[in-house]
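> Just the structure for this:
(2 chains)
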Number of protein chains: 2
Amino acid sequence: MLLENSEKTPLGQIGEAKLIELIREKVNLQHPSSIFGIGDDAALIQPKNMEQVITTDLLTEGVHFDLSYSPIKHLGYKAVVVNLSDIAAMGAKPTQILLSLALPPKFTLEAYEELIAGVLLACNIYKVDLVGGDTSPSLQHLHLNLTAIGEVEPGKAIRQNTAKANEIICVSGSLGAAFAGFLLLDREKEVFKANPEVQPDLEEFPFLLEKQLKPEARFDVLGHLKEANIPVSAMTDVSDGLASDLLRLAKASKLGVRLDAERIPIDQEVYKLAETMKLDPFMLALNGGEDYELLFTVPVSHAQALESIPDLHIIGFTTNQENNYHMVDSSGKAHPITAGGWDGFTES
Amino acid sequence: MLLENSEKTPLGQIGEAKLIELIREKVNLQHPSSIFGIGDDAALIQPKNMEQVITTDLLTEGVHFDLSYSPIKHLGYKAVVVNLSDIAAMGAKPTQILLSLALPPKFTLEAYEELIAGVLLACNIYKVDLVGGDTSPSLQHLHLNLTAIGEVEPGKAIRQNTAKANEIICVSGSLGAAFAGFLLLDREKEVFKANPEVQPDLEEFPFLLEKQLKPEARFDVLGHLKEANIPVSAMTDVSDGLASDLLRLAKASKLGVRLDAERIPIDQEVYKLAETMKLDPFMLALNGGEDYELLFTVPVSHAQALESIPDLHIIGFTTNQENNYHMVDSSGKAHPITAGGWDGFTES
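Just a heads-up that it's a prediction; the model follows:
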């Protein structure tokens, strides 16, 4: 999709006005709160009698994604989803997004259209309106910035600092698969670089690839919790890794946490890859990041109701011992949990 | 400010959590519509009984700014202002911003703090709340993405597609100075590269430098128009250049325009630099861009009231001849106007 193939169209032949028009003609606003979108100095929205949540996230080439193995359409899709996951983590319904692109010279019109197709696919699936954005050249690398807006009934936003002691800690889906998917893709890239004739060995791990390349935001879990009338005390999404994100929630709520290692949901593919790469699957689950699962606390009195929610796991409980974070293994031994998750600055 | 000096602190020693905390501790939310800001998965806001305008803008190193002559604090300030200018162009009051930064390895903690100081200075001056953002490493270049939100009474947002025929076209301030400032800085950079002992010759052009490096958004003009009860039919801000921005407004409104060349406000410093660089000052004013002045139309019946507004210029009028754009010179000759303004893609 990049400028290796001379039949592709360089963006310099197109111009910014046309690039914007290519998006505008594909967008149909769906939300009553979207009054108008692309085409003026700013978009106009009106969330009637609702509070708004708003978040922004920047994805940079070589840090958050590698164009050599990220299909460009998936990248556009994922850029939307990682922002919507933050909206889900507030217990809100997503309504609008804005998209900024810094496009490097290697980027073609065809790649741009793939990227936009991925963004608009996510918009359609999650029913959000693309109401604005910016398109700019970049000297060398692709950067995408998404801003996402959501609506929530007044007073109903779910914060991180409102967990209570002795509540159940829940997480949706499973953990570590997205990071395992990254490790897998990175390994196959190195193999390919060493010998381009070797076919990548990816077929055994469809779930890891799906979680890494095309994650989803868990509004389905929010919906089930609401239907079952389960009150969520505090919530976040797992983006930096279970350990980092849970400790952030616990610190904000001035609590301790006690996890049960055996209850942490880890997919069989994670175990399998961890074995072949001689890694600890628990470290992948604790520190992997990019899971985009929902992590939240619920009063103990609702423990039974939680059993009716699909794809949900009780992994531990909060304590009133502030700054005390432990995971108990199958032998009953407690291990301290530290925030070892992803930090692009200190890892670089 | 960058990593030339070994006494500076690399960002890798700091980590993302601390970088965010450095911003969070300096932010005090001022707007009643800002319920909470930095520190959760998303910010929470509630614009009571108001419509919201929202815009986003990405500034990329080497395209929108050159770190070799942009003071970093000014860059942070300007990044906010260019977004607020879009809010002003909708006739709205700015309320919140979100800031995403992609920081290259050469960037130090000291440079980061300067950048944030510039952003927060603009927040204080324009009374907007920094409610969220994202901080990420970048492989090579600095990118800043700002999202700005503003409030406007329902039905009062001023669009580009609502101008009528035979209205007065007005512009605030003067045009071409920001682009002249860029040409000046670029010239002195080349002189410096050829001979580092030559001192830059900038003292003669303080206004050009100010307009290029530290522009302002013209909420003052909006205020004067409101006080004088002057109805504005359609409005935009001059960011790509008078010709491009005016033609966009005229096209959206399905009108023609007729400008009076002698009435286009051009500062003496622009004339002076144009003379030394053998450039046409009218071309700088028409196609320069980055002026961030307000450009709008007003019914003829309010012509006299406009005289009371400081720093405002009547430069022509709209016509019902769609797609017919002319500028009349001092001899009475009409020249076609084309959108020759800035387009980072086609110019690169």
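> Just the helices from chain A, written as ranges.
A:16-24, A:72-89, A:109-126, A:177-194, A:206-213, A:219-227, A:242-253, A:268-276, A:281-287, A:303-306, A:344-347 (DSSP state H).
> Next to chain B, which bits of the stretch 151-300 of chain A? Give me the list.
A:152, A:154, A:157, A:159-161, A:235-237, A:252 (Cβ under 8 Å from any Cβ of the partner chain). (Glycine included, C-beta is placed from N, CA and C.)
> Flag the shaky bits of the stretch 201-348 of chain A, pLDDT-wise.
Applying pLDDT under 70 to the stretch 201-348 of chain A picks out residues A:341-348.
> Run a quick neighbour tally on A:Ile314.
Counted with other Cβ atoms under 10 Å in any protein chain shown, residues neighbouring A:Ile314 total 15.
> quick one: contacts for it?
Applying Cβ atoms under 8 Å, 6 or more residues apart in numbering or on different chains to A:Ile314 gives the contacts A:168-170, A:263, A:303, A:306.
> buried set for stretch A:308-327?
A:309, A:312-313, A:315-319, A:325-327 (16 or more other Cβ atoms under 10 Å in any protein chain shown).
> again with stretch A:201-214
A:205, A:207-214.
> Restrict that stretch to CA atoms and write it as PDB.
C-alpha atoms of stretch A:201-214 as PDB (Å, rounded to 0.1, in the frame of the first residue of the first chain):
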ATOM      1  CA  ASP A 201       4.100 -19.000  11.000                       C
ATOM      2  CA  LEU A 202       0.900 -17.300  12.000                       C
ATOM      3  CA  GLU A 203      -1.900 -19.700  11.400                       C
ATOM      4  CA  GLU A 204      -1.700 -21.300  14.800                       C
ATOM      5  CA  PHE A 205      -2.500 -18.100  16.600                       C
ATOM      6  CA  PRO A 206      -5.600 -16.500  15.000                       C
ATOM      7  CA  PHE A 207      -6.800 -15.100  18.400                       C
ATOM      8  CA  LEU A 208      -3.500 -13.400  19.200                       C
ATOM      9  CA  LEU A 209      -3.500 -11.700  15.800                       C
ATOM     10  CA  GLU A 210      -7.100 -10.600  16.100                       C
ATOM     11  CA  LYS A 211      -6.500  -9.100  19.500                       C
ATOM     12  CA  GLN A 212      -3.400  -7.200  18.400                       C
ATOM     13  CA  LEU A 213      -4.500  -6.100  14.900                       C
ATOM     14  CA  LYS A 214      -8.300  -5.700  15.300                       C
END
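> Tell me the pLDDT of the spatially most central residue of chain A.
Computing the C-alpha centroid of chain A and ranking residues by Cα atoms, centre = their mean puts A:Val82 first, at 3.2 Å. What the model reports as pLDDT for A:Val82 is 96.
> before we move on, back to that, possible to save the contacts of A:Ile314 as TSV with distance to B:Ile87 and neighbour count?
Output for these, formatted as TSV (distance: Cβ to Cβ, whole Å; neighbours: other Cβ atoms under 10 Å in any protein chain shown):
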residue	distance to B:Ile87	neighbour count
A:Ile168	44	19
A:Ile169	41	25
A:Cys170	40	25
A:Arg263	49	13
A:Ala303	48	13
A:Leu306	45	17
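> Dump those residues into JSON lines; add distance to A:Ala102 as well.
Below are the contacts of A:Ile314 laid out as JSON lines (distance: Cβ to Cβ, whole Å):
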{"residue": "A:Ile168", "distance to A:Ala102": "43"}
{"residue": "A:Ile169", "distance to A:Ala102": "39"}
{"residue": "A:Cys170", "distance to A:Ala102": "38"}
{"residue": "A:Arg263", "distance to A:Ala102": "42"}
{"residue": "A:Ala303", "distance to A:Ala102": "48"}
{"residue": "A:Leu306", "distance to A:Ala102": "43"}
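> Touching, A:Leu44 and B:Gly155? I think so.
No - taking contacts as Cβ atoms under 8 Å, A:Leu44 lies outside contact range of B:Gly155: 10.1 Å.
> Between those two, which contacts overlap?
Common neighbours of A:Leu44 and B:Gly155, using Cβ under 8 Å, 6+ apart, are B:Glu51.
> So which of these two has more stuff around it?
Counting neighbours by other Cβ under 10 Å for A:Leu44 and for B:Gly155 shows that A:Leu44 has the greater number, 23 against 7.
> got a list of what A:Tyr126 touches?
A:80-81, A:84, A:94, A:217, A:219.
> how far does stretch A:148-161 stretch from start to finish?
One end of stretch A:148-161 sits 22 Å from the other (Cα to Cα, to the nearest Å).
> how close does the residue nearest to the centre of chain A sit to A:Asn161?
22 Å (Cβ to Cβ, to the nearest Å).
> ok, now A:Ser100?
A:Ser100 is 30 Å from A:Asn161, by Cβ to Cβ.
> thought A:Glu61 was touching A:Leu115?
No - counting by Cβ under 8 Å, A:Glu61 does not reach A:Leu115; the two are 12.0 Å apart.
> Give me the neighbour count for A:Pro336.
Residues near A:Pro336, counting by other Cβ under 10 Å, number 8.
> partners of the closest residue to it other than its chain neighbours in the sheet?
Of all residues not flanking A:Pro336 in the chain, A:His326 sits nearest, at 6.0 Å (Cβ to Cβ, 6 or more residues apart in numbering or on different chains). Residues in a beta bridge with A:His326, per DSSP bridges, are A:Arg258, A:Pro336.
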